[in-house]
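Engineer: Dropping the sequence and predicted coords here.
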Amino acid sequence: MATKKLDPLIEAPLTTEAVAVSGRRMSDSRPEGWINKIRYNLQFVRGRGAFEIGIVFVAIIVVFSIISAVNPKGFPFLKAENLSGVLTQSVPMLAILSIAVGILMVAGEFDLSLGFAITFNAIVFVRFTDMFGVWVGVIGGILSGVFIALVNAVIVVYTRIPSFIATLGMGFFWGGASIFINGTNAALLNPELTKDGNPFEFIFAHDFGTFRSQVVWLLILTVIAWFFLHRHKLGNHIFAVGGNSAAARAISINPNRVKLLAWTVYGLLSGFASVLFVARIPSVQPGGNATADFTLFAVAAAVVGGTSLLGGRGSVIGMVVGAALIEVIKNGLILAKAPGFYLQLFVGVTIVIAAIFNRFMEGKAS
Amino acid sequence: MINELLRLEKISKDYGPNTVLKDVSFTIGQNEVVGLLGDNGAGKSTLVKIMSGVVPMTSGSYFWQGEQITNVNRTETERLGVETIFQDSALVPQMSIARNIFMGREITNKLGFMKVKEMDAIATDVLDSVVTIEGIKSSRQLVQSLSGGQAQAVAIARAVHFKRSLLILDEPTSALAVRATEALLAYLTQLKGEGVSSVLVTHNLHHAFQVCDRHIVMNHGKKILDVRREDTSVEELTAAVVEGETGVKRFREGRF
């Protein structure tokens, strides 16, 4: 490189000596042999959420299975109906919501109106089904989810008030709106639709014996969400904006647009989950607890799965496993005939421990 | 005469009733390292934001290689090749080095899905060749596991890889260790040889004096000094930064 005449008093480090000291190139230090390759790749998985919680999940499944094998009557965890009910029905509902909330959290946003929104979407679904048929109803329910999410998004993104307070307020609004359009009675889905053999029932709530329709939806949505968040450039932008929106803006990513996108994806998923919810129950009660619980359980599942409340960190696999972990623990407690408060107690402790654990692991991630 | 890269004419900026910049004009030449100096509140950061198109100016003109740019915004400056490295916010700590390098400029297929392996490989190559950085194991490492100096180097490597023509560094040395600072200043000189101009914003005069070809000193929103390195000294720059216009005057009178 060109040398330049410098002030003799203050000598600039012109040569690259100070820089190129080690001379070791990264491309030369590739691992060889399959065991080293696994080790090498493992270090990039550690501390990013999904891996650790996956181990905990497998451990709990193993423990529950052993207890159940020893004592099948007292703890029928391995019974086919139980497994199919938990893993393929309870888990998918929470896991889809966990993915929805998780993607939003990666973008650095948060929604406290989820439970109320599910009720509202579900009512829209039921009413549209009565009026225009079930398929219009399904689309109506999903679009209702997108609409509610976008209202939240516009408020949060353009007024810059924290999503925490904006969605708290909007939650009450949609709760009131649900009662306004439906009254306080439960909205009942046309019972014909949930009879065995109806195409709607087959697609959204069928029991195939060993598994139910919902789990197929979960698998499909997990794959789509994974490719979107971890492999698509738009997902990459969500991570960038959630992690450091100033850096994203400096590189000419528009943070507002990315946040609107994250809210839209969230709306699509939560709207779809609302339809799944009604397909299973098959009714929805305005002001009831059944949907309200999902607000915080979905956040809990995402956090347990390693998603950061501050944005920029999370994985789709972690979100799904987090939801599965919560549902399996819940199921274990119910099977052990633990009183209801144990359920809250355990889930509460699990969430806090998981959050502390993740905080600790975040520092170790390399 | 050096070919001009960026020329600002009579730039003013008001934030409500406060005038932050008043009629500031200067030129940045091709293959030139310019130091932008001044005390806190002198208007350096605002000027940086205007140059990089993040903040619109109240009045004034923006010329790029002699052509006036009427609508200066981030998309436009991105197209021109201006890259700003803010002190703490150049990179996303939770993302890997490779993802940071390709942030917003991902290599994708037609559907927008990223070619992750290709990005990792190119990032490794960039880190190995453009700027050699000690202590980085892999381009898949998260940026949060890097030191301040390594992170700055990654940000610079990114700018070089994408053939940016003007690099603006806002207080890059304030968080760095001595060694990392030296390396960073060396990069700037190296970049000049590769056709990248840079603006170094700092209040560390010694760092600026080591590498900058020209110094612009700001004081209370006005440009009070614009000198080539040969025509000034650390002492004069210090007087200008600390005492403003009176300092420059006093120093010149004392000197001549």
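Structural biologist: Right, received. Where do you want to start? Numbering: from 1, shown residues only, chains lettered A, B, ... in the order given.
Engineer: Report how many residues lie close to the closest residue to B:Val54 other than its chain neighbours.
Structural biologist: Leaving out its chain neighbours, the residue that sits closest to B:Val54 by C-beta to C-beta, 6 or more residues apart in numbering or on different chains is B:Arg74, at 5.8 Å. Glycine gets a C-beta too; all of them are placed from N, C-alpha and C. Neighbour count for B:Arg74, taken as other C-beta atoms under 10 Å in any protein chain shown: 20.
Engineer: my read: B:Arg74 touches B:Pro56, true?
Structural biologist: No. Under the criterion of C-beta atoms under 8 Å, B:Arg74 makes no contact with B:Pro56, lying 10.4 Å away.
Engineer: hmm, back to that, can you tell me which residues contact the residue nearest to B:Val54?
Structural biologist: Applying C-beta atoms under 8 Å, 6 or more residues apart in numbering or on different chains to B:Arg74 gives the contacts A:249-250, A:252, B:52-54.
Engineer: Can you tell me which of those end up in helices?
Structural biologist: Members of those lying in helices (criterion: DSSP state H): A:249-250.
Engineer: can you map out the strands along the chain?
Structural biologist: You didn't say which chain, so I picked chain A. Listed in chain order, the strands found in chain A under DSSP state E are A:187-188, A:283-284.
Engineer: hmm, I had chain B in mind actually
Structural biologist: Listed in chain order (using DSSP E), the strands of chain B are B:4-15, B:18-29, B:33-38, B:59-64, B:67-69, B:82-85, B:166-170, B:197-201, B:214-219, B:222-228.
Engineer: Switch these over to TSV; also include mean pLDDT, distance to A:Ile181 and mean neighbour count.
Structural biologist: Converted to TSV, the strands of chain B look like this (pLDDT from 0 to 100; distance: least, C-beta to C-beta, whole Å; neighbours: other C-beta atoms under 10 Å in any protein chain shown):
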stretch	mean pLDDT	distance to A:Ile181	mean neighbour count
strand B:4-15	90	46	18
strand B:18-29	89	50	17
strand B:33-38	90	60	26
strand B:59-64	91	53	17
strand B:67-69	89	52	13
strand B:82-85	86	50	25
strand B:166-170	88	53	25
strand B:197-201	90	57	26
strand B:214-219	89	60	24
strand B:222-228	87	62	17
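Engineer: Of the ones you listed, which is nearest chain A?
Structural biologist: strand B:82-85 (5.4 Å; C-beta to the nearest C-beta).
Engineer: Any idea how far the lengthiest helix in chain B is from the middle of the chain?
Structural biologist: Ranked by number of residues, the top helix in chain B under DSSP H is helix B:178-193. Helix B:178-193 has its C-alpha centroid displaced from the chain centroid by 13 Å (C-alpha atoms, centre = their mean, to the nearest Å).
Engineer: so what's the closest residue to B:Leu21 other than its chain neighbours up against?
Structural biologist: The shortest distance from B:Leu21 to any non-neighbouring residue, by C-beta to C-beta, 6+ apart, is to B:Lys13 (4.2 Å). Taking C-beta under 8 Å, 6+ apart, we find B:Lys13 in contact with B:19-21, B:43, B:46, B:50, B:55, B:57-58.
Engineer: try A:Asp111
Structural biologist: Contacts of A:Asp111 (C-beta under 8 Å, 6+ apart): A:101, A:104, A:117, A:149, A:152, A:163, A:167, A:266, A:295.
Engineer: My guess is the fifth one contacts A:Ser163. True?
Structural biologist: Yes. A:Asn152 is in contact with A:Ser163 according to C-beta under 8 Å; the separation is 7.0 Å.
Engineer: neighbour-wise, which of those two wins?
Structural biologist: A:Asn152 (28 against 23).
Engineer: returning to what we had before: what angle separates the longest helix of chain B from strand B:197-201?
Structural biologist: With axes from the mean of the first three to the mean of the last three C-alpha atoms, to 10 degrees defining the directions, helix B:178-193 sits at 150 degrees from strand B:197-201.
Engineer: buried set for helix B:178-193?
Structural biologist: B:180-192 (16 or more other C-beta atoms under 10 Å in any protein chain shown).
Engineer: any idea how far chain B is from the closest residue to A:Gly314 other than its chain neighbours?
Structural biologist: Closest residue in space to A:Gly314, ignoring its immediate chain neighbours: A:Thr307 at 3.3 Å, by C-beta to C-beta, 6+ apart. Counting by C-beta to the nearest C-beta, to the nearest Å, the separation of A:Thr307 from chain B is 11 Å.
Engineer: Kindly report the same for A:Phe75.
Structural biologist: 40 Å.
Engineer: Spit out the contact partners of that residue.
Structural biologist: A:64, A:67-68, A:332, A:335-336.
Engineer: Which members of those residues are the farthest-apart pair?
Structural biologist: Across those, no pair lies farther apart than A:Ser68 and A:Ala336, at 10.6 Å, counting by C-beta to C-beta.
Engineer: the more surrounded of the two?
Structural biologist: Ranked by neighbour count (other C-beta under 10 Å), A:Ser68 and A:Ala336 place A:Ser68 first, with 20 against 13.
Engineer: Leaving out the residues flanking it, which one is nearest to the more buried one?
Structural biologist: A:Phe77 (3.8 Å).
Engineer: before we move on, what about B:Ser96?
Structural biologist: Closest to B:Ser96 by C-beta to C-beta, 6+ apart is B:Arg140, at 5.0 Å.
Engineer: Just the pLDDT for the one you found.
Structural biologist: B:Arg140 is assigned 86 on the pLDDT scale.
Engineer: Stretch B:28-38: end-to-end distance?
Structural biologist: 17 Å (C-alpha to C-alpha, to the nearest Å).
Engineer: Also stretch B:38-57?
Structural biologist: Span of stretch B:38-57 from end to end, C-alpha to C-alpha: 20 Å.
Engineer: Residue numbers of the stretch 151-256 of chain B in contact with chain A?
Structural biologist: Counting by C-beta under 8 Å from any C-beta of the partner chain, the positions of the stretch 151-256 of chain B adjacent to chain A are B:179, B:182-183, B:185-187, B:189-190, B:193, B:206, B:209-211, B:229, B:234.
Engineer: can you give me the offset of stretch A:158-170 from its chain's centre?
Structural biologist: Distance, centroid of stretch A:158-170 to centroid of chain: 20 Å (C-alpha atoms, centre = their mean).
Engineer: Residues in contact with that stretch: which ones?
Structural biologist: Contacts of stretch A:158-170 (C-beta under 8 Å, 6+ apart): A:109-113, A:148, A:151-152, A:155-156, A:256.
Engineer: Most widely separated two among the residues you listed?
Structural biologist: The widest separation within these (C-beta to C-beta) is 21.0 Å, between A:Leu112 and A:Asn256.
Engineer: higher neighbour count, those two?
Structural biologist: A:Leu112 (21 against 15).
Engineer: Could I get the contacting residues of residue 65?
Structural biologist: With no chain named, the answer covers chain A. Per C-beta under 8 Å, 6+ apart, neighbours of A:Ser65: A:77-78.
Engineer: my bad, chain B
Structural biologist: Contacts of B:Gln65 (C-beta under 8 Å, 6+ apart): B:3-5.
Engineer: which one of these sits closest to A:Ala302?
Structural biologist: Nearest member of those to A:Ala302, counting by C-beta to C-beta, is B:Leu5, at 47.0 Å.
Engineer: Could you find the closest non-adjacent residue to the closest one?
Structural biologist: Closest to B:Leu5 by C-beta to C-beta, 6+ apart is B:Gln30, at 4.8 Å.
Engineer: That neighbour contacts B:Glu194, doesn't it?
Structural biologist: No. In terms of C-beta under 8 Å, B:Gln30 does not count as a neighbour of B:Glu194; the distance is 11.8 Å.
Engineer: the more surrounded of those two?
Structural biologist: Neighbour totals were compared for B:Gln30 and B:Glu194, and B:Gln30 leads with 16 against 11 (other C-beta under 10 Å).
Engineer: If I look at that one, what pLDDT would I see?
Structural biologist: 88.
Engineer: Quick check: bridge partners of the closest residue in space to B:Ala159 that isn't next to it in sequence?
Structural biologist: Distance criterion C-beta to C-beta, 6+ apart; nearest residue to B:Ala159, sequence neighbours excluded, is B:Glu83 at 4.3 Å. For B:Glu83, the residues forming beta bridges with it (DSSP bridges) are B:Leu167.
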